[in-house]
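Q: turn this into a structure:
(2 chains)
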There are 2 protein chains.
Amino acid sequence: MLRTTTCGALSINNLGETVILCGWVQKSRDLGGMTFIDIRDRYGITQLVFNMDDNTELCQTARSLGREFVIKASGTVVERSNKNLKMPTGEIEIKITGLEILNSSKIPPFMIDDETDGGDDLRMKYRYLDLRRNPVRNNMVLRHRMAQSVRRYLDGLDFIEVETPVLIKSTPEGARDFVVPSRMNAGEFYALPQSPQTFKQLLMVSGFDRYFQIVKCFRDEDLRADRQPEFTQIDCEMSFVEQEDILNTFEGLIRTLFKEVKHFDLPEVPRMQYADAMRWYGSDKPDTRFEMRFTELNEQVKGHNFPVFDQAELILGISAKGCAHYTRKQMDELTDFVKRPQIGATGLIYARHQEDGSIKSSVDKFYSEDVLKTWAEALGSQPGDLLLLMAGTTDKVRKQMSELRLEMGTRLGLRKKDVFSALWVLDFPLLEWDEETERYHAMHHPFTSPKPEDIALLDTDPGAVRANAYDMVVNGTEIGGGSIRIHDRSLQALMFKHLGFSTEEAQKQFGFLMDAFEFGAPPHGGIAFGFDRLCSIFAELDSIRDVIAFPKNNSGRDVMIDSPSTIDDKQLKELKIASTL
Amino acid sequence: MLRTTTCGALSINNLGETVILCGWVQKSRDLGGMTFIDIRDRYGITQLVFNMDDNTELCQTARSLGREFVIKASGTVVERSNKNLKMPTGEIEIKITGLEILNSSKIPPFMIDDETDGGDDLRMKYRYLDLRRNPVRNNMVLRHRMAQSVRRYLDGLDFIEVETPVLIKSTPEGARDFVVPSRMNAGEFYALPQSPQTFKQLLMVSGFDRYFQIVKCFRDEDLRADRQPEFTQIDCEMSFVEQEDILNTFEGLIRTLFKEVKHFDLPEVPRMQYADAMRWYGSDKPDTRFEMRFTELNEQVKGHNFPVFDQAELILGISAKGCAHYTRKQMDELTDFVKRPQIGATGLIYARHQEDGSIKSSVDKFYSEDVLKTWAEALGSQPGDLLLLMAGTTDKVRKQMSELRLEMGTRLGLRKKDVFSALWVLDFPLLEWDEETERYHAMHHPFTSPKPEDIALLDTDPGAVRANAYDMVVNGTEIGGGSIRIHDRSLQALMFKHLGFSTEEAQKQFGFLMDAFEFGAPPHGGIAFGFDRLCSIFAELDSIRDVIAFPKNNSGRDVMIDSPSTIDDKQLKELKIASTL
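A: Residues are numbered from 1 along each chain as shown, chains lettered A, B, ... in the order given. The predicted structure is shown next:
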């Protein structure tokens, strides 16, 4: 090695040792006849010291070094006079006797520091310099540790990691598939997988029993903020299990990750019915770092000649702790917030549960204080709390109130990034009505098993059929989801029928899987976690971008090397794409 | 869980326990009033026993089961009367009290046994059934263990696994790139990476210090036998190292793999110069499970009026131990072997070093026995050995003799799959003359560093410049290769010049990397191992196909679900490929 140790390893225990360090010049300062250089590598920073009296030439070379020069320095470990006890190497410095410049550097376009002066665009353009910064590089180290921990846990439970193909046949969700022209089979195309779903089910048919894979998946669609066209999943499947077994196994995975990587004891993960999640939080991924559940107030508010409430299907209220003091301006802000087009509420009714116990509302002319007290009672509010009410059709008002609840949680500081709350959401609906196509779609995917007791409802009330499907939610973000699969060909055929597939369509698109099911498919189920998202929660970030070494920007371009690129006509013709047009 | 244990877990220690097993019916036989069923899962096979007298209905259900039915059986562990000590569970059987058919099965198209009656095509068509067979599934388990072992070893040495992008910008080796049309940026294309080479070098510029990734790579080219369009690499890179450090680190990896996965103590890996490998074995990937080195015989054979030898640039000989008894027919076979078009020799000269010490050759009329004895001496042959000679131009005769040497090794049983011999081949030429384009190409890739002492030769004798490049060879197969990289922009520019790139071309194609080199690139180097090939060697297979769960056939189609597939005009137009034609 060019070095004998790293820049993060030396301490008072190494005094007197002769060492060689390699790294980047972090900063340099001259003090009289001395020059001090901080040398940095992935492992830390060490102070080098040069003395003009001892070796003029060496010290002059040191003074010529610019920021981010790459150097190799040898010398002796000595005790520092002005110790910096905040740094692991802060008690020592290296008295340098040899210095070699391994590479020079232009002046970097922004500071390579924990807090940088580089704007977002500049940092992305020079991602290789941004990655030198501790907070960014540490995210990649965290991601590595998480992957190692996932693999260790699953390997310990007899899961086998199997690589599934990346160049596959296009599947029905094909509209979002990336396609890859084949040179070997002119006019034909591979697709890139949105998930290895069918392959992992085939592995269960093959008796692999327990499969996992940390795997890249691909989706060619509008890139909403914080989506990437390529993303990584922890993909898992098990045979001979029921829902309970999957929940226990993967709750174990997440708790192990929190323990090993964050040193955080995640408590047993509570479970909630999808229907309750919608009723209490207006969302299938409630942020449970704070409570603030919805209360349905139809009984308390209807019949008082206030048309907005009398005409509404559902009136919901929440109680925001200690917010009774909110000013008129703050209330206007909240009203504007719920009226934003993304949320779309028509207005917000509030009542202050004042410190003296009295209640004053924005609709006092319709509601007496006695009535307002029934609101407070239903909401369990205390003096000093602010009651917030919204009305509308069930689905809409729930969504709107969900946004308001999150906003209040944020304002009250109840959504700290270093606090973690996990939740299982269970019993999702099997089918979802699609207004546009006027038919039911599989909410999860078409292989999801209905609850046996609900199968009879498929014919009479398809929307009421619940699935053996589950999501894990952490801090209001869905980090994973899965289901018990259908393993019976006839039930699978019934499902396809209800999803509006003809027998021929189903056979054409899913024939290879349905055929496989005829040769002894075991009962099985699984789950997939979004690894990027999980890493971003562990890294306490809002965005997934900074847990990806080379992310793409919002239009799907590489941040640095500007892909995609054009290819020339010759190449295209060679690909014989033309032949199919 | 539907089961209390697996089909491989029970032994005499579990007698009397009540258990539930799930699995596939392997076989079934009736003996008087008894029925015996072997139930199979990934973990093993257990015998179930049913008694017509105890429970007629249960026994009749058991008799109705077909091969590969999926069942759940409960009962008590009892001792077997006729023990099968070859099976881990062979001392016990389960007296069944409950039986549930979880799924039926059509009769499989071939036997699900270690030795199957299924032909290759049938096994590939029903890959999910082929994967049920122990030898095939065990290969996937082996692959999983190898990946776990690689990750553990590298993690222990502070390597970080970083995921690099799959959708990238097309690079100069672009002719073999798969391209992926972008929907977000109409008319533009991503490429799929042939390797993450540039990304790992950027990570070194970022100070990641030690990177690895087990990663899918892609190459769109003619699929020679045993190549896949998608393949997996163990990709590694280190900073502040010299060649010696890379060799030590990754020799450690391979030896650890052999130790942990094969329980085989691989000795220290010998090192050989590329030039010596060519001289002694006619190959840069010699099979060193056996010696049989070439001897150059120009001195011994020229000047005896045998035109074939007199006119040849190089005459090579090998000595095949104990083959002097080869019949005329066997000699004709060998001659036909070297005359095959793939090898292309014009003939084969031989001499028998007979048991009595005398020597008889196929060219006795040109060579006296005294002269033949000088051949034997040069080749170090013993009575009973067969001397084989070929002549031609240096490159050609070396290649031809290499093939003959391998053939003789095979005939002599010296190439056993369960014997392992590793070798480092060092100091490859930096450049390779390409007859077709009449210019030099980078033998490894354009970022490979020349040996410092050879840089001066770049202008005078480019072909003689050696690279800091190395391959690891196991049993005659190249399993990995790498190099110390150029980290200096001016040396990189010089290399591009010698490779015939104009400054503009170099900047256009590699600008982002060369720009990065200006901000303090550290000295670095790396290696990439072909994981599929490595797994196939560990699995003692000739082909990589059976270490891939869902391989593609020789035309690049998925074995099972027949990708690639056509996409329709509408989809194509949506992709706006047309706009660039």
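
Q: A strand includes A:Ile37, no?
A: Yes. Per DSSP: H, G, I helix; E, B strand; the rest coil, A:Ile37 lies within a strand segment.

Q: and for it, the neighbour number?
A: 27 (other C-beta atoms under 10 Å in any protein chain shown). (Glycine included, C-beta is placed from N, CA and C.)

Q: okay, it: pLDDT?
A: Per-residue confidence (pLDDT) for A:Ile37: 98.

Q: not counting its neighbours along the chain, what's nearest the residue in the stretch 401-550 of chain A that chain B sits nearest to?
A: As assessed by C-beta to the nearest C-beta, chain B sits closest to A:Gly520 within the stretch 401-550 of chain A, at 3.5 Å. Sequence neighbours aside, B:Ser105 is the residue nearest to A:Gly520 in space, at 3.5 Å (criterion: C-beta to C-beta, 6 or more residues apart in numbering or on different chains).

Q: enumerate every residue touching the one you found.
A: A:518-520, B:24, B:66-70 (C-beta atoms under 8 Å, 6 or more residues apart in numbering or on different chains).

Q: just put the residues you listed in JSON lines and tack on secondary structure, distance to A:Ile527 and pLDDT.
A: What follows is the contacts of B:Ser105, written out as JSON lines (DSSP: H, G, I helix; E, B strand; the rest coil; distance: C-beta to C-beta, whole Å; pLDDT from 0 to 100):
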{"residue": "A:Glu518", "secondary structure": "coil", "distance to A:Ile527": "26", "pLDDT": "94"}
{"residue": "A:Phe519", "secondary structure": "strand", "distance to A:Ile527": "25", "pLDDT": "96"}
{"residue": "A:Gly520", "secondary structure": "coil", "distance to A:Ile527": "23", "pLDDT": "96"}
{"residue": "B:Trp24", "secondary structure": "strand", "distance to A:Ile527": "24", "pLDDT": "98"}
{"residue": "B:Gly66", "secondary structure": "coil", "distance to A:Ile527": "32", "pLDDT": "96"}
{"residue": "B:Arg67", "secondary structure": "coil", "distance to A:Ile527": "32", "pLDDT": "96"}
{"residue": "B:Glu68", "secondary structure": "coil", "distance to A:Ile527": "27", "pLDDT": "97"}
{"residue": "B:Phe69", "secondary structure": "coil", "distance to A:Ile527": "28", "pLDDT": "98"}
{"residue": "B:Val70", "secondary structure": "strand", "distance to A:Ile527": "22", "pLDDT": "98"}
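
Q: and A:Arg352, that's in a helix?
A: No. Counting by three-state DSSP, A:Arg352 falls outside a helix, being strand.

Q: bridged to it, which residues?
A: A:Lys360, A:Leu386 (DSSP bridges).

Q: contacts only, for it.
A: So A:Arg352 contacts A:324, A:326, A:359-361, A:386-387 (C-beta under 8 Å, 6+ apart).

Q: which residues does the longest helix anywhere in chain A contact?
A: When chain A is parsed with DSSP state H, its longest helix is helix A:134-156. With contacts defined as C-beta under 8 Å, 6+ apart, helix A:134-156 is touched by A:42, A:114, A:130-131, A:161, A:210, A:212, A:214, A:234, A:236, A:252-253, A:256-257, A:260-261, A:531, A:534-535, A:538-539, A:541, A:546-547, A:549, B:144, B:148, B:151, B:155, B:160-163, B:206-208.

Q: okay, now the unreliable bits of the stretch 101-250 of chain A?
A: A:171-175, A:225 (pLDDT under 70).

Q: strands along that one, start to end?
A: A:160-161, A:179-181, A:189-191, A:210-218, A:230-239 (DSSP state E, counting those that start in this stretch).

Q: same question for the stretch 301-450 of chain A.
A: Under the criterion DSSP E, counting those that start in this stretch, the stretch 301-450 of chain A contains strands at A:314-320, A:349-353, A:359-361, A:386-392, A:422-426, A:431-434, A:439-442.

Q: can you name every helix or strand that the fifth one contacts?
A: Think strand A:422-426. Counting contacts by 3 or more C-beta pairs under 8 Å, 6 or more residues apart in numbering or on different chains; DSSP states H and E, strand A:422-426 packs against helix A:243-262, strand A:271-273, helix A:274-281, strand A:469-474.

Q: closest to chain B out of these?
A: Closest among the helices and strands packed on strand A:422-426, using C-beta to the nearest C-beta: helix A:243-262, at 5.2 Å.

Q: buried ones in the closest one, by neighbour count?
A: A:243, A:246-247, A:249-251, A:253-258, A:260-262 (16 or more other C-beta atoms under 10 Å in any protein chain shown).

Q: kindly report the same for stretch A:424-435.
A: If you call a residue buried by 16+ other C-beta under 10 Å, then stretch A:424-435 has these buried ones: A:424-431.

Q: out of those, which is nearest to A:Tyr281?
A: Checking the buried residues of stretch A:424-435 against A:Tyr281 by C-beta to C-beta gives A:Val425 as the nearest, at 9.8 Å.

Q: can you pull the contacts of the residue nearest to that closest one when sequence neighbours are not counted?
A: Nearest residue to A:Val425 in three dimensions, chain neighbours excluded: A:Asp471, at 4.6 Å (C-beta to C-beta, 6+ apart). Counting by C-beta under 8 Å, 6+ apart, A:Asp471 touches A:284-285, A:424-425, A:428, A:478, A:480-481.

Q: now with 6 Å?
A: If you count contacts by C-beta atoms under 6 Å, 6 or more residues apart in numbering or on different chains, A:Asp471 has them with A:425, A:478, A:481.

Q: host element of the second one?
A: Applying DSSP states H and E as the criterion places A:Glu478 in strand A:477-484.

Q: and that strand, which strands flank it?
A: Sheet pairing for strand A:477-484, using DSSP bridges, gives strand A:469-474 (antiparallel), strand A:524-530 (antiparallel).

Q: mean pLDDT and distance to B:Asp332 for those strands - can I get that in a markdown table?
A: Formatted as a markdown table, the strands paired with strand A:477-484 follow (pLDDT from 0 to 100; distance: least, C-beta to C-beta, whole Å):
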| stretch | mean pLDDT | distance to B:Asp332 |
| --- | --- | --- |
| strand A:469-474 | 98 | 70 |
| strand A:524-530 | 98 | 58 |
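
Q: now tabulate those in a markdown table and tack on distance to B:Asn84.
A: Converted to a markdown table, the strands paired with strand A:477-484 look like this (distance: least, C-beta to C-beta, whole Å):
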| stretch | distance to B:Asn84 |
| --- | --- |
| strand A:469-474 | 42 |
| strand A:524-530 | 30 |
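
Q: what residues does the stretch 1-150 of chain A put near chain B?
A: A:1-3, A:22, A:24, A:42, A:68, A:70, A:102-103, A:105-106, A:108, A:128, A:131-132, A:140-141, A:144, A:148 (C-beta under 6 Å from any C-beta of the partner chain).

Q: switch the cut-off to 8 Å
A: A:1-3, A:6, A:22-24, A:40-43, A:68-70, A:72, A:102-106, A:108, A:126-129, A:131-132, A:137, A:140-141, A:143-144, A:147-148 (C-beta under 8 Å from any C-beta of the partner chain).

Q: got the CA positions of stretch A:228-239 in CSV?
A: These are the backbone C-alpha positions of stretch A:228-239, laid out as CSV (Å, rounded to 0.1, in the frame of the first residue of the first chain):
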residue,chain,number,x,y,z
GLN,A,228,-36.1,7.6,-10.0
PRO,A,229,-36.6,5.6,-13.3
GLU,A,230,-34.5,2.9,-11.7
PHE,A,231,-35.0,2.0,-8.1
THR,A,232,-34.0,-0.8,-5.7
GLN,A,233,-36.2,-3.2,-3.9
ILE,A,234,-35.7,-5.7,-1.2
ASP,A,235,-37.8,-8.4,-2.8
CYS,A,236,-38.9,-11.4,-0.7
GLU,A,237,-41.1,-14.5,-1.0
MET,A,238,-41.9,-17.5,1.2
SER,A,239,-43.8,-20.7,0.8
